[in-house]
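Q: Kindly generate the corresponding structure for this input.
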Amino acid sequence: MAAAPPPLERAFGITNIKTRVPFLLDADEADYDAWRELFLTHWQSFDVSGHLDGTLLPANDDDAAWKKRDGLVKLWIYGTLAKDLFKSTVKTGGTSREVWLRLENFFHDNKEARAVQLDHKLRTQEIGDLSIHAYCQELKSIADLMANVDAPVSERTLVTYLPNGLNEKYDNIINVIKHRQPFPTLEQARSMLILEEERLGKPKKVPSHKDESSSSPKGYPMWPQQQFNPWKQMPLSPHPQPGLLGSRPQQQMLVQGTHNNNSNQPQPTMDFASAFNTMTLIDPTDSQWYMDSGATAHLSNTAGSSNTEDSSPQ
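A: Numbers count the residues shown, from 1 in each chain. A predicted model of the protein is given here:
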């Protein structure tokens, strides 16, 4: 079985550095620290990090093997730079360490101004359309960038900034986070917010409306409901005749109104006749009034005596 090649020789087997560092370093994205961490891990695994920190020097000016490896490291760096950043850092000749230091100075210049800018972004970051997980990750990324420019943010301060960019629908859980003892960590606050996000995302239950026909016994149809209209006018006699006491009050008002004004006016209705027409045994169109001279003096709309036992005239 053949022995494994030395690490320095294995480095030349990397034909596409983007499979190890899966994004381009851009001056506007502020992802230098993530790019740097990936590169250092990759170089250490192939024992070529000495080309960057200056510990691996050429044996002499004609050390071809060292120049070959150093050129490979330079290709790795240039292959992961965005076009604009590549133009700002490339120079003819030079070593991989010189390129590395130019990039480091480019991103670490004006640390104070950058720290102020990042602190403002951390305070004013809003959730927008992001999920709770993505929003918390964005705040943590900003805090990591501030640590890289010597302006670290404590976890308690980060949790304090967390509610600033949330929507009003999270007000209840925000109050719980602020008053919880002991004060929650970032992971605990994020878990509480994620649970609240899931609760708010559930569809609300809509009360079901039962059909009216479902209340009727099975197999028995419901009678159609009829709405009683008390203002429905019953037909009056075309030629009302006055009784013993005269015309009914409604008819009297109708006659007077007809004599005084021939115009159409609201007609009084016979409310009780309309309401109880199914319970009446007499003709509802009979407009006469009759005197009941029985023992109880009251008016009745039936002719004759109210005493059925005595047939003598009263």
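
Q: where does the residue lying closest to Thr185 once chain neighbours are set aside land on pLDDT?
A: The shortest distance from Thr185 to any non-neighbouring residue, by Cβ to Cβ, 6 or more residues apart in numbering, is to Glu155 (6.1 Å). (C-beta placed from N, C-alpha, C; glycine too.) Reading off the confidence values, Glu155 has pLDDT 92.

Q: just the one 3 residues further on next, same as before
A: At Leu158 the predicted local distance difference test score is 93.

Q: Give me the domain ranges for this protein.
A: 7-108, 111-201 (automatic domain parsing).

Q: which one of those has the lowest average pLDDT?
A: When I compare those, domain 7-108 is least confident, with a mean of 83.

Q: from memory the residue nearest to Thr185 sits against Leu186, does it?
A: Yes - at 5.5 Å, Glu155 counts as touching Leu186 under the criterion of Cβ atoms under 8 Å.

Q: For stretch 152-161, which residues meet the burial criterion?
A: Within stretch 152-161, the residues that qualify as buried are 153, 158-161, counting by 16 or more other Cβ atoms under 10 Å.

Q: What lies in contact with it?
A: 122-123, 125, 139-140, 143, 146-147, 177, 183-186, 189 (Cβ atoms under 8 Å, 6 or more residues apart in numbering).

Q: try 7 Å
A: 122-123, 139, 143, 146, 183-186, 189 (Cβ atoms under 7 Å, 6 or more residues apart in numbering).

Q: okay if I get the residues you listed as JSON lines plus neighbour count?
A: As requested, those are exported to JSON lines (neighbours: other Cβ atoms under 10 Å):
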{"residue": "Leu122", "neighbour count": "21"}
{"residue": "Arg123", "neighbour count": "12"}
{"residue": "Leu139", "neighbour count": "22"}
{"residue": "Ala143", "neighbour count": "21"}
{"residue": "Met146", "neighbour count": "21"}
{"residue": "Phe183", "neighbour count": "14"}
{"residue": "Pro184", "neighbour count": "19"}
{"residue": "Thr185", "neighbour count": "13"}
{"residue": "Leu186", "neighbour count": "16"}
{"residue": "Ala189", "neighbour count": "25"}
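
Q: Adding secondary structure and distance to Lys87, write the residues you listed out as a markdown table.
A: Output for the contacts of stretch 152-161, formatted as a markdown table (DSSP: H, G, I helix; E, B strand; the rest coil; distance: Cβ to Cβ, whole Å):
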| residue | secondary structure | distance to Lys87 |
| --- | --- | --- |
| Leu122 | helix | 31 |
| Arg123 | helix | 34 |
| Leu139 | helix | 33 |
| Ala143 | helix | 31 |
| Met146 | helix | 28 |
| Phe183 | coil | 48 |
| Pro184 | coil | 46 |
| Thr185 | coil | 43 |
| Leu186 | helix | 39 |
| Ala189 | helix | 43 |
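
Q: and which of these is nearest Ser45?
A: Nearest to Ser45 among the contacts of stretch 152-161: Ala143, at 28.2 Å, using Cβ to Cβ.

Q: Roughly how far does the nearest residue to Glu98 once chain neighbours are set aside sit from Gly50?
A: Ranked by Cβ to Cβ, 6+ apart and with sequence neighbours excluded, the top spatial neighbour of Glu98 is Lys91, at 7.5 Å. Remark: distance between Lys91 and Gly50 (Cβ to Cβ, to the nearest Å) = 21 Å.

Q: Compare those two (neighbour count), which wins?
A: The neighbour comparison of Lys91 against Gly50 (other Cβ atoms under 10 Å) goes to Gly50, with 17 against 8.

Q: Show me the helices in the stretch 51-200 of the chain, by range?
A: Applying DSSP state H, counting those that start in this stretch to the stretch 51-200 of the chain gives helices spanning 64-78, 83-89, 96-108, 111-124, 132-148, 155-161, 171-179, 186-201.

Q: for those, which one sits closest to Asp31?
A: Closest of these to Asp31 is helix 132-148, at 8.7 Å (criterion: Cβ to Cβ).

Q: quick one: the closest one to helix 111-124, angle?
A: 160 degrees (axes from the mean of the first three to the mean of the last three Cα atoms, to 10 degrees).

Q: Can you work out which other helices and strands pack against helix 132-148?
A: helix 32-45, helix 111-124, helix 155-161, helix 186-201 (3 or more Cβ pairs under 7 Å, 6 or more residues apart in numbering; DSSP states H and E).

Q: Relative to Ala134, which of the ones you listed is closest?
A: helix 186-201 (10.8 Å).

Q: buried ones in that closest one?
A: 186, 189-190, 192-193, 196-197.

Q: what's that helix packed up against?
A: Short answer (3+ Cβ pairs under 7 Å, 6+ apart): helix 186-201 packs on helix 132-148, helix 155-161, helix 171-179.
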